[in-house]
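S.K.: Take a look and give me a structure for this.
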Amino acid sequence: MLGWMMCILLVAGGDLEVSEADTVAASRGTHFTDSTSNKMLYVDRVLIIGNKVTKQRIIERELSLKPGDSIRANILQSTLLWDKNKLYNLRLFNTASVRALDMGNDHIDLLVEVTERWYIFPLPIFELSDRNFNEWWNNYNHDLTRINYGLRIYKYNFRGRNESLRLTAQFGFYRKFDLQYRIPNLDRSQKHGLTFNFDFGAPRNLAYQTVDHRLEFLRKESVVRETLSGGLTYTYRKTFFETHSISYAYRTSEVIDTVMTLNPIYFSNNKVTQNYSLLSYYFVSEHRDVVMYPLRGYQFTAYVAKAGLLPNEDINQFELNLTYALHIPVGQKYFFSNFSSVFWSTPTNQPYSNYDALGYRNLIIRGFENYVVEGPTFALNKTTFKRKIFGRNWTLGKMPIEQFNYFPLAIYFKVFADFGYVQNYNYYQEQDLNTRLSNRFLMGAGAGIDFFTVYDLVLRVEYTFTQDQRGGFFLNARKEF
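M.R.: Here you go, the predicted structure:
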């Protein structure tokens, strides 16, 4: 069946050609065209236009070339391409272009042109409390009472310095409040950053246990759990492509007695409270063209965390997670991508509230969206082969707000196959719980359509079947990996 779908993919397609996100736009006026010689070119000026809010130094930070630099002509275009991608990946601009203007006598100017996005979004919250649409529809009978509502305010590019501020006031099935302030550029060199976060949650429902790989919820008219946490993250971006982050957080939680009656291992030692600190390190090496929907390049990440820094804390856990994503164009409109992730934690006798799994944080084997497969160790591999079947950019001239007059749309048809393995928790093995999908090879494969559009919105419609020949349609509103 998968081979039949591959044949469809190879013959499907459209004839409309548009500018890819990884194409350097043609410049206005005279641009540098001799890109094959080894001669040296000398940069006189860097001209930046279109940044009405964004500080010029934020844009200059992403540029490889500065006034007075020199570069060989045969690598100029590839360098400008990477600079364009870096600017777009700031997620501050609808469009970005970097062009070389020929000034004669082997001298060039660089023209950087951007169109800025809208930076403040007071968004009403009306969303599912479940992990994804498929779980809500299939496992909980599309119960409308499981809806969260409220208001979330995002302020991007705060002070024109790529800072971001987020405020959340959410009610309904899961009540929570949070505040996050991110400063990515503390110093003049723009290599050091800080992020502050605070959140409070008081849901009237709680996933208190897992039965046959499905979350079971306790629901009350009153609050069943209160959680308060705060943290600080320091980031160091030494180069364009590598970022190091060190985080410290403290978390305190309390549940009602009913939770511990229903699941005695929800917290450790049959306590209704849990308090612990968390120290983590995260490294990302990002070499992809458009991070929100990459078509070429690679990414490597490493995450190491220790929960419970003091002997009297309620958690003692060490975690390690490594991921690698590779994206390769294999033709004018064909693209191959692969993603691998391995996770390991110790010791394995953790309270249920700290169980980890495939099924969270977008670590999902497609076809198993309705399930969580929990375990202290897992491995995952996802492969996609896609063809672009439509792409176009519209400029909506009559739009009263210019930040919304640019509307891109790209559509891809794809086939895919995911594989994974989860080692089960000892407690589940001893109690003969949640053993159907753990300690065994899992596979999901199928076909689908991706829509990538304005403000990095990704919508995926997929049909997936698993190794036991179960199939179904799944809808997701985030990128694959």
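
S.K.: hey, let's count contacts and neighbours off CA atoms from now on
M.R.: Noted.

S.K.: does the closest residue to Thr54 other than its chain neighbours count as helix, strand or coil?
M.R.: Of all residues not flanking Thr54 in the chain, Gly160 sits nearest, at 4.2 Å (C-alpha to C-alpha, 6 or more residues apart in numbering). With DSSP: H, G, I helix; E, B strand; the rest coil as the basis, Gly160 sits in coil.

S.K.: quick one: Gly160 and His192, what's the gap?
M.R.: 17 Å (C-alpha to C-alpha, to the nearest Å).

S.K.: For stretch 319-337, which outside residues touch it?
M.R.: By C-alpha atoms under 8 Å, 6 or more residues apart in numbering, the surrounding residues in contact with stretch 319-337 are 288, 294-306, 338-346, 383-389, 481.

S.K.: what distance separates the start and the end of that stretch?
M.R.: Stretch 319-337: ends 27 Å apart by C-alpha to C-alpha.

S.K.: Next, the buried residues of it.
M.R.: For stretch 319-337, burial by neighbour count (16 or more other C-alpha atoms under 10 Å) applies to 319-329, 334-337.

S.K.: ditto for stretch 250-265
M.R.: For stretch 250-265, by 16+ other C-alpha under 10 Å, it's Tyr250, Arg251, Thr252, Ser253, Glu254, Val255, Val259, Met260, Pro264, Ile265.

S.K.: what about the helices in the stretch 101-250 of the chain?
M.R.: Along the stretch 101-250 of the chain, counting by DSSP state H, counting those that start in this stretch, helices occupy 133-139.

S.K.: so where is it shaky, pLDDT-wise?
M.R.: Low-confidence segments of the stretch 101-250 of the chain, defined by pLDDT under 70: 126-146, 173.

S.K.: so what's the residue nearest to Thr54 up against?
M.R.: Contacts of Gly160 by C-alpha under 8 Å, 6+ apart are Val53, Thr54, Lys55.

S.K.: Who wins on neighbours among the residues you listed?
M.R.: Highest neighbour count within those: Thr54, with 19 neighbours (other C-alpha atoms under 10 Å).

S.K.: I'd say it and Asn157 touch.
M.R.: Yes: applying C-alpha atoms under 8 Å as the test, Thr54 and Asn157 come out as touching, 7.0 Å apart.

S.K.: By residue count, what's the longest helix in this structure?
M.R.: helix 76-89 (DSSP state H).

S.K.: what comes up buried for that helix?
M.R.: Across helix 76-89, burial judged by 16+ other C-alpha under 10 Å covers Leu76, Gln77, Leu80, Leu81, Trp82, Asp83, Lys84, Asn85, Lys86, Leu87, Tyr88, Asn89.

S.K.: same check, this time on stretch 40-50
M.R.: Leu41, Tyr42, Val43, Asp44, Arg45, Val46.

S.K.: Can I get those in TSV including secondary structure, pLDDT and distance to Gln431?
M.R.: Formatted as TSV, these follow (DSSP: H, G, I helix; E, B strand; the rest coil; pLDDT from 0 to 100; distance: C-alpha to C-alpha, whole Å):
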residue	secondary structure	pLDDT	distance to Gln431
Leu41	strand	95	70
Tyr42	strand	96	71
Val43	strand	96	69
Asp44	strand	96	72
Arg45	strand	96	70
Val46	strand	97	66
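
S.K.: Spell out, range by range, the helices that occur in the stretch 251-400 of the chain.
M.R.: Remark: helices assigned in the stretch 251-400 of the chain by DSSP H, counting those that start in this stretch are 257-262.

S.K.: quick one: low-confidence ranges for it?
M.R.: Looking at the stretch 251-400 of the chain by pLDDT under 70, you get an empty list.

S.K.: run the last query once more with 80
M.R.: Low-confidence segments of the stretch 251-400 of the chain (pLDDT under 80): 361, 396-400.

S.K.: What are the boundaries of the strands in it?
M.R.: Assigned by DSSP state E, counting those that start in this stretch, the strands in the stretch 251-400 of the chain fall at 273-288, 297-307, 317-329, 334-346, 357-358, 373-374, 377-395.

S.K.: most tightly surrounded among those strands?
M.R.: strand 373-374 (a mean of 26; mean count of other C-alpha atoms under 10 Å).

S.K.: ok so, going back, how about the buried residues of stretch 319-337, which pair is most distant?
M.R.: Glu319 and Tyr334 (36.8 Å; C-alpha to C-alpha).

S.K.: what separates Pro347 from Gln317, distance-wise?
M.R.: Noted for Pro347: a distance of 6 Å to Gln317, by C-alpha to C-alpha.

S.K.: nope, Phe336 is what I meant
M.R.: 37 Å.

S.K.: Repeat that for Arg296.
M.R.: Distance from Arg296 to Gln317, by C-alpha to C-alpha: 36 Å.

S.K.: tell me the contacts of Met260?
M.R.: Tyr266, Phe267, Asn270, Lys271, Val272.

S.K.: Contact partners for Asp187?
M.R.: By C-alpha under 8 Å, 6+ apart, the residues touching Asp187 are Gly193.

S.K.: circling back to that earlier point, JSON lines please, covering the buried residues of stretch 40-50 and showing distance to Leu310.
M.R.: Formatted as JSON lines, the buried residues of stretch 40-50 follow (distance: C-alpha to C-alpha, whole Å):
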{"residue": "Leu41", "distance to Leu310": "58"}
{"residue": "Tyr42", "distance to Leu310": "57"}
{"residue": "Val43", "distance to Leu310": "55"}
{"residue": "Asp44", "distance to Leu310": "57"}
{"residue": "Arg45", "distance to Leu310": "55"}
{"residue": "Val46", "distance to Leu310": "52"}
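
S.K.: for the residues you listed, which one is nearest Glu116?
M.R.: Val46 (18.6 Å).

S.K.: Is it correct that that closest one is in contact with Glu113?
M.R.: No: using C-alpha under 8 Å, Val46 makes no contact with Glu113, being 10.7 Å away.

S.K.: Name the nearest residue to Asp83, ignoring sequence neighbours.
M.R.: Spatial nearest neighbour of Asp83, excluding adjacent residues (C-alpha to C-alpha, 6+ apart): Leu63 at 5.5 Å.

S.K.: and what of Met40?
M.R.: Leaving aside its sequence neighbours, Met40 sits nearest to Arg72 (C-alpha to C-alpha, 6+ apart; 4.5 Å).

S.K.: Likewise for Ala447?
M.R.: Per C-alpha to C-alpha, 6+ apart, closest to Ala447 is Val415, 4.2 Å.

S.K.: Strand partners (parallel or antiparallel) of the helix or strand that neighbour falls within?
M.R.: Using DSSP states H and E, Val415 falls within strand 406-423. The pairing partners recorded for strand 406-423 under DSSP bridges are strand 377-395 (antiparallel), strand 441-453 (antiparallel).

S.K.: what sits up against the helix or strand just after the shortest one?
M.R.: Stepping forward along the backbone from strand 441-453, the first helix or strand reached (DSSP H and E) is strand 457-466. Contacting residues not belonging to strand 457-466 are listed as 293, 366-368, 442-452, 471-479 [C-alpha under 8 Å, 6+ apart].

S.K.: one more time with 6 Å
M.R.: 367, 443-452, 471-479 (C-alpha atoms under 6 Å, 6 or more residues apart in numbering).

S.K.: what does stretch 224-235 rub up against?
M.R.: Under C-alpha under 6 Å, 6+ apart, the answer for stretch 224-235 is 192-202, 204, 244-256.

S.K.: And the buried ones among these, selectable in ChimeraX?
M.R.: Only the buried entries of these go into this ChimeraX selection, using 16+ other C-alpha under 10 Å:
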select :192,193,194,195,196,197,198,199,200,201,202,204,244,245,246,247,248,249,250,251,252,253,254,255
